[in-house]
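Sequence and predicted structure are below.
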Protein chains: 2
Amino acid sequence: MVNIAVLGFGVVGSGVVELMKSNHDKIAGSAAQEINVKYILDIMSFPDSPFADLFVDRFEVIENDPDVQIVVETIGGTKAAYDYTMRSLRAGKNVITSNKELVASFGHEILKLAKEKNLNFLFEASVGGGIPILRPINQCLAANEIKEIYGILNGTTNYILSRMIKNGSSFEESLKEARDKGYAEADPSADIQGKDTCRKICILSALSFGRHIFPEQVPTVGIEIVEAVDMAYAKSMGAKIKLVGRAVRTENGKVAVYVAPHLVLSDSLLANVEDVFNCIVVRGNAIGDTMFYGKGAGKLPTASAVVADIIDAAKHFHARKYIYWEAGGNSAVSDPELLENRWFLRAGITSKEAMELFGDIILIDDKNGFTVFSTGMINEKELKNRMTGRTIYACYRILE
Amino acid sequence: MVNIAVLGFGVVGSGVVELMKSNHDKIAGSAAQEINVKYILDIMSFPDSPFADLFVDRFEVIENDPDVQIVVETIGGTKAAYDYTMRSLRAGKNVITSNKELVASFGHEILKLAKEKNLNFLFEASVGGGIPILRPINQCLAANEIKEIYGILNGTTNYILSRMIKNGSSFEESLKEARDKGYAEADPSADIQGKDTCRKICILSALSFGRHIFPEQVPTVGIEIVEAVDMAYAKSMGAKIKLVGRAVRTENGKVAVYVAPHLVLSDSLLANVEDVFNCIVVRGNAIGDTMFYGKGAGKLPTASAVVADIIDAAKHFHARKYIYWEAGGNSAVSDPELLENRWFLRAGITSKEAMELFGDIILIDDKNGFTVFSTGMINEKELKNRMTGRTIYACYRILE
């Protein structure tokens, strides 16, 4: 029998405990042994919970109990979550987390300690909710040089953009709708400003390319800049505007990573990813494009990814999983402004000027005091350079 | 260092050897050790191959060499492939295969021997080419009760159907095109008759639901019955006809498994899977729908899945992967004729008769001496029952 402790009894923590109960037989079968929730740590008390007698309010109880082999961290943030994670590992316990902020900020440091202690630190639920993605990258694609990884990584913003596109409603209306349905948090700024997507692409990059990428190293633009007029132009092109996190291997093993809204053409793999769904595309040198799709958020999908990690840890007490990446630093990243794309532009220039500046453009509209067009392949630095002194109203990379 | 032997130097076998060379550093890094191809077994000789000095023509050389820890079977079929697989395991060697026929026919028996010998028998490449799917089902979805699994599992037939839909060309023309592009084998009957899809859904079912499913237990209809007229009707509904393998958990842990062309509606997850791409949808009780997408065939994608298994086996000499399923038999399966669906029908009845027989139908056409319509939810047995004595020209389940 394996004993676990769950830190935090919020959406994910309670989902884990409930799933451990409702799918008990399947889980015991997969793990080839019983998995028992021995403690739940939370500062709030839940006297009416069916699990009320499992609650403790001091981490030391868990830390000092040698019977606890796996600690499940679902507290969030990087304060208590970081402290308890490191202390759990030092106490010889495996750690599972769903906390993307923790992994994006301290992944290398935690993995290093886990390696030294010959313990597992697993975090499948931190990216893509219930979608199995970290493990496939790590294992199934082990034979591939990964060239690029990108995707729609945040369900809240994708829901808002989907609503704006489908119903023509404004950003504010769509955000309200997302809140009413429980898809947006009380303070949705981490989602809307792209920070959540940024943390996830940091984790995907580190796992795919081998070095820690810090959120501060990733230029991040959220969806608050997206205007209805550009969504309408996108629609007229059979395209949609979607928030994408993207990491591309460049020279010398460096990686160019960024987060920004993109114009997604209708034949792109991401074109039909709507509402709270997430989708991640991995481009390998042998396999070509592989796509992983599913619900990127929600209590049960996320809990199911956490429980899968628990099962995996329970089966691997004596054989560490080979999840690891090296330290980060300036030498890990290159400038995404040098990545070439086709671009969608709405700018305060005439169509004649647009043609003079960018040559072979596709003109979309020039009847409203600005010109809307798409360019050929060009990098961002060069694009900004040519537009010096001119007004750019909107500027999106095109994903084909 | 780990030594491997590759049996068969056809498309997959040569792809494996080439990939081991071209991605050498990445592979050694993933496996945390060197992996060396010591032997290639083939009855043909390849004097001009850069690997010419690795060839042997007697399996005994490999069987009796204690330095060979992993045998990679890419021969195909169930004769030599079965014999060498069992002998390799008896000789204490792990076995990797891309051979779906072998796994679909003898999976339980081979897994049982591997378990007894504490060895790994891995076969990721047998389903979905390079798409990581078996491992995600086995590990990442370990916490879910899987309720259903279905998908487009055969690249050749999907290519042919895509061409017929896109270009309006006939089955024969599209098959010729597939042959010209190397997507169809000289004898494509196993693909076209649905046998290849059948083997793959057998493997997915066994892994998802825990018991061996034999191809003979799976009612299988291929694409040779698909007529252009029905594709045109499907198109008028915004739908497409695609070959789908499907397994649904029914009462008492039984599984209803079948292969047949389906009418796929435009908002289905499978609607945009074109050409040689494969797509597999897993429906879990916690995770909801998850989708895996990528190239289902081709030398390098398949080889990359084989090499991922080699790496995994090399990392798990002392900790067997928990891939296993129990013996099959009549008690494992239930009758797919009892699965309810909406149906697309083209029949020699009047629209009035169609309404009398099926109630709330959606009428598509009744101007050409037959009636085309879709039904509400009904199982196949009952549908056939109501149509007794009447002519059915076409009859497809609808996938929404």
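Here it is on my side, so go on.

Regarding the residue nearest the centre of chain A, what is its secondary structure?
Computing the C-alpha centroid of chain A and ranking residues by Cα atoms, centre = their mean puts residue A:200 first, at 2.8 Å. Under DSSP: H, G, I helix; E, B strand; the rest coil, residue A:200 falls in the helix class.

so what's it closest to, chain neighbours aside?
residue A:153 (4.2 Å; Cβ to Cβ, 6 or more residues apart in numbering or on different chains). C-beta coordinates here come from the backbone N, C-alpha and C atoms, glycine included.

now that neighbour: how far from chain B?
Look at residue A:153 and chain B: by Cβ to the nearest Cβ, to the nearest Å, they are 15 Å apart.

quick one: residue A:346 and residue A:374 touch, right?
No: using Cβ atoms under 8 Å, residue A:346 is not in contact with residue A:374; the gap is 10.5 Å.

All the helices of the stretch 51-200 of chain A, in order from the start?
Secondary structure of the stretch 51-200 of chain A by DSSP state H, counting those that start in this stretch: the helices cover A:59-63, A:80-90, A:100-116, A:134-135, A:155-167, A:171-180, A:189-192, A:195-209.

could you give the angle of the fifth one to helix A:171-180?
Direction vectors for helix A:155-167 and helix A:171-180, defined by axes from the mean of the first three to the mean of the last three Cα atoms, to 10 degrees, enclose an angle of 120 degrees.

farthest residue from the center of chain A?
Distance to centre of chain A, Cα atoms, centre = their mean, peaks at residue A:352 (40.8 Å).

secondary structure element for that one?
Element membership for residue A:352 (DSSP states H and E) is helix A:351-358.

ok, now which ones touch residue A:181?
residue A:159 (Cβ atoms under 8 Å, 6 or more residues apart in numbering or on different chains).

where's it relative to residue A:162, distance?
Noted for residue A:181: a distance of 12 Å to residue A:162, by Cβ to Cβ, to the nearest Å.

Could you do residue A:239 as well?
Taken as Cβ to Cβ, the span from residue A:239 to residue A:162 is 14 Å.

Of the two, give the one with the bigger neighbour count.
residue A:239 (25 against 19; other Cβ atoms under 10 Å in any protein chain shown).

Give me the pLDDT for that one.
In this prediction, residue A:239 carries a pLDDT score of 94.

ok, it - contacts?
Counting by Cβ under 8 Å, 6+ apart, residue A:239 has contacts A:263, A:264, A:265, A:266, A:271, A:398.

of these, closest to chain B?
Nearest to chain B among those: residue A:271, at 8.0 Å, using Cβ to the nearest Cβ.

got the residues of the stretch 201-350 of chain A near chain B?
Within the stretch 201-350 of chain A, the positions near chain B by Cβ under 8 Å from any Cβ of the partner chain are A:269, A:272, A:284-295, A:298, A:300-301, A:303-308, A:310-312, A:315-316, A:318-319, A:322.

how distant is stretch A:273-291 from the center of its chain?
The chain centroid and the centroid of stretch A:273-291 are separated by 13 Å under Cα atoms, centre = their mean, to the nearest Å.

now do the same end-to-end measure for it.
End-to-end distance for stretch A:273-291, by Cα to Cα, to the nearest Å: 11 Å.

contacts for the helix holding residue A:352?
Contacts for helix A:351-358 (Cβ under 8 Å, 6+ apart): A:345, A:347, A:349, A:361, A:363, A:366, A:371, A:373, A:375-376, A:378, A:386-387, A:390.

what's the farthest-apart pair in the residues you listed?
Within these, A:366 and A:378 form the most distant pair, 19.8 Å apart (Cβ to Cβ).
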